[in-house]
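[1] Predicted model follows, preceded by the sequence.
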Amino acid sequence: METSILVIYTGGTAGMAYNKRGELVPMKFEQIRRKMPELRQLNMAVDVVNLGEPIDSSNVAPADWLRMAALIAEKYDLYDGFVVLHGTDTMAYSAAALSFLLENLGKTVVFTGAQVPVGGIRTDARRNLVTALEMAAARHPVGNAVRVPEVCLFFNDLLIRGNRAKKVESQQYDAFRSENYPPLAQAGIELMFHDRHIRPLPAGRLHVHQRLDERVALIRLFPGLSERVLRAQLELDDLRGCVLETYGSGNAPTTPWFLQCLREASDRGVLLFNVSQCEEGRVLQGRYETSAYLSDIGLVGGDDITVEAAITKLMFVLGLELAPAQARRLMAQDLRGEITLL
C-alpha cells in the first residue's frame with residue numbers, strides 16, 4: 001500500500017517568492033508544487049493542507065500550535081506521517097510545543113523549512129522538503145513499524161528531536177543544532193537512522209492536548225540587572241510561570257534583594273524554572289553556593305533543556321491546571337525526551 005503523508009503548510013521562507021518590487025512575499029503551496037517537479041517522483045501520496053493564510057514565523061503564536069495539534073488529531077488516522085513546512089525563526093519553538101501537545105505520538109511529525117526561497121537558484125528548500133517527506137514515511141526494515149515516532153526537525157541533512165532543536169545560524173544552511181542530544185538520523189546518499197536515540201513507540205493511543213497557558217515570562221540574567229527591572233517582570237499581574245536564564249550550571253546572584261524577589265514570586269505561586277544560558281551543558285542546581293539558594297526558594301532545575309523547550313513546556317504544564325507541587329514535579333520530569341536526567 002502506498003504511504004500517505006500530509007504536508008501542513010504554515011508559510012515561511014521556503015514558500016516565498018520575490019514580487020516585482022524585489023520583496024519576499026508568501027506563495028500558495030500549489031505554486032511551490034509547480035516549482036518542485038521532484039515531488040511527483042516520490043513513491044508516496046502527498047496531500048497538502050494550509051493552516052490558513054501563509055504567515056511569517058515571527059508572527060507564530062501559541063494559538064497556531066494548538067491549531068497544528070488539532071489538525072494532526074483530525075487527520076491522524078488518515079495519514080502515515082506529517083510534515084510541517086514552517087519558517088525557521090520560530091521553528092524550534094513550534095516543534096517543542098507540538099512535542100508536548102501530542103502525547104503518545106505513534107507517527108512521525110517532521111518540521112522543515114529553508115534558508116533560501118524555493119524559487120532561488122541556490123535554494124535548500126527542495127532538498128529539505130523532499131528529505132523531510134522521506135523521513136516522515138520511513139519504516140523499520142523489519143516489522144514495518146514507524147521509524148521515528150516523534151516530533152522532529154529536519155534541516156540540512158540532520159534529523160533532530162524537535163524539543164532539542166535550536167536555531168543557531170541565519171546566513172548558512174546548517175541553521176539548526178541539537179547541542180545536548182545526538183541526531184536521530186542523517187541524510188547522505190542513503191538515510192541513516194540512529195535507532196538507539198529514537199523514542200520507542202508508545203503503548204497508549206494519541207492524546208492531543210488543547211490548552212497552553214501564555215501567562216509566562218522569560219528573564220535572562222546579566223550583570224547589572226536591577227531590582228526595579230526584575231520586580232517589574234516578576235510582579236506582572238496574573239503571571240503564573242517564569243523561565244530564568246541563569247549563568248553556567250544554573251548560578252545566579254546571591255544579593256539579598258535578588259533572592260527576595262524570587263522568594264516573593266515563588267510564594268505568590270509563580271512557577272520558576274532555572275535554565276542555563278549556555279547552549280551546551282546543564283543546570284546543576286545546588287552544586288555551587290550561588291545556586292544552592294535557588295532550590296531553597298523553590299526553583300525547578302531545568303537540567304539540559306533548551307530555552308525554546310523550557311518556555312513551551314512551562315506553557316504546557318501550567319495549561320494542565322495542576323496543583324503547584326504537582327506542576328513543579330512535572331517540570332522536573334522528562335516528558336518527551338526534552339531533558340536528560342542524570
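    Happy to help now that I have it.

[2] What average pLDDT does the helix or strand Ala217 falls within get?
    Secondary structure assigned from DSSP states H and E places Ala217 in strand 216-220. Over the span of strand 216-220, the pLDDT mean works out to 97.

[3] ok, the nearest residue to Glu169 once chain neighbours are set aside to Leu259 distance?
    Of all residues beyond its chain neighbours, the one nearest Glu169 is Ala175 (4.7 Å), with distances taken as CB to CB, 6 or more residues apart in numbering. Bear in mind the C-beta positions are built from the backbone N, C-alpha and C, glycine included. Ala175 is 38 Å from Leu259, where distance means CB to CB, to the nearest Å.

[4] ok, back up a step: quick one, phi/psi of the residue nearest to Glu169?
    Backbone geometry at Ala175, expressed as degrees, to the nearest 10, gives phi -80, psi -20.

[5] which ones are touching it?
    Residues in contact with Ala175, defined by CB atoms under 8 Å, 6 or more residues apart in numbering, are Thr88, Gln115, Phe155, Asn156, Lys167, Val168, Glu169.

[6] how far away is it from Asp124?
    For Ala175, the distance to Asp124 (CB to CB) stands at 9 Å.

[7] between the two, what contacts are shared?
    Common neighbours of Ala175 and Asp124 (CB under 8 Å, 6+ apart) are Gln115, Asn156.

[8] what separates the residue nearest to Glu169 from Tyr9, distance-wise?
    19 Å.

[9] Arg215 now?
    30 Å.

[10] and those two? which has more neighbours close in?
    Tyr9 (23 against 16; other CB atoms under 10 Å).

[11] average pLDDT across stretch 230-246?
    In the prediction, stretch 230-246 has an average pLDDT of 96.

[12] Name the surrounding residues that touch it.
    Here stretch 230-246 has contacts from 213, 215-221, 252, 258, 261-262, 264-265, 269-277, 283, 291, 294, 299, 302, 307, 310-311, 314-315, 317-318, using CB under 8 Å, 6+ apart.

[13] Can you give me the first-to-last residue distance of that stretch?
    13 Å (CA to CA, to the nearest Å).

[14] Okay, buried residues for stretch 176-191 please.
    Phe176, Arg177, Ser178, Asn180, Tyr181, Pro183, Leu184, Ala185, Ala187 (16 or more other CB atoms under 10 Å).

[15] Name all residues that make contact with Lys166.
    Ala92, Phe176, Arg177, Ser178, Glu179, Glu279, Thr306, Val307, Glu308.

[16] tell me the pLDDT at the fourth one?
    Which is Ser178. Note on Ser178: pLDDT of 94.

[17] Tell me if I am right that Phe111 is in a strand.
    Yes: assigned with DSSP: H, G, I helix; E, B strand; the rest coil, Phe111 falls within a strand.

[18] How about it: which residues does it bridge to?
    Following DSSP bridges, Phe111 is listed with bridge partners Val84, Leu153.

[19] Let me see the contact set for it.
    Phe111 touches 83-84, 86, 91, 94-95, 98, 132, 151-154, 162, counting by CB under 8 Å, 6+ apart.

[20] mind redoing it with 7 Å?
    The contact partners of Phe111, by CB atoms under 7 Å, 6 or more residues apart in numbering, come to Val84, His86, Met91, Ser94, Ala95, Leu153, Gly162.

[21] ditto for Phe258
    Ala252.

[22] How confident was the prediction at it?
    Here, the pLDDT recorded for Phe258 equals 96.

[23] And for Ser295?
    For Ser295, the predicted pLDDT is 87.

[24] try the one 5 residues further on
    The predicted structure scores Val300 at 96 on the pLDDT scale.

[25] three-state assignment of the residue nearest to it when sequence neighbours are not counted?
    Excluding the flanking residues, the one nearest Val300 by CB to CB, 6+ apart is Met331, at 4.7 Å. Using three-state DSSP, the secondary structure recorded for Met331 is helix.

[26] Test my guess that Met331 contacts Leu272.
    No: judged on CB atoms under 7 Å, Met331 makes no contact with Leu272 at a distance of 9.6 Å.

[27] what's the overlap in contacts for those two?
    Common neighbours of Met331 and Leu272 (CB under 7 Å, 6+ apart) are Val300.

[28] Give me the nearest residue to Cys278, chain neighbours excluded.
    Per CB to CB, 6+ apart, closest to Cys278 is Gly248, 6.5 Å.

[29] Just give the number of residues close to the one you found.
    There are 16 residues near Gly248, going by other CB under 10 Å.

[30] where does the host helix or strand of Tyr93 sit relative to the chain's centre, distance-wise?
    Counting by DSSP H and E, the element that carries Tyr93 is helix 91-101. From the chain centre to the centre of helix 91-101 is a distance of 3 Å (CA atoms, centre = their mean, to the nearest Å).

[31] Just the residues contacting it, thanks.
    Defining contact as CB under 7 Å, 6+ apart, one finds that helix 91-101 is touched by 57, 60, 65, 68-69, 86, 109, 111, 113, 151, 153, 162-163, 165-167, 176, 208-209, 308-309, 312-313, 316, 335-336.
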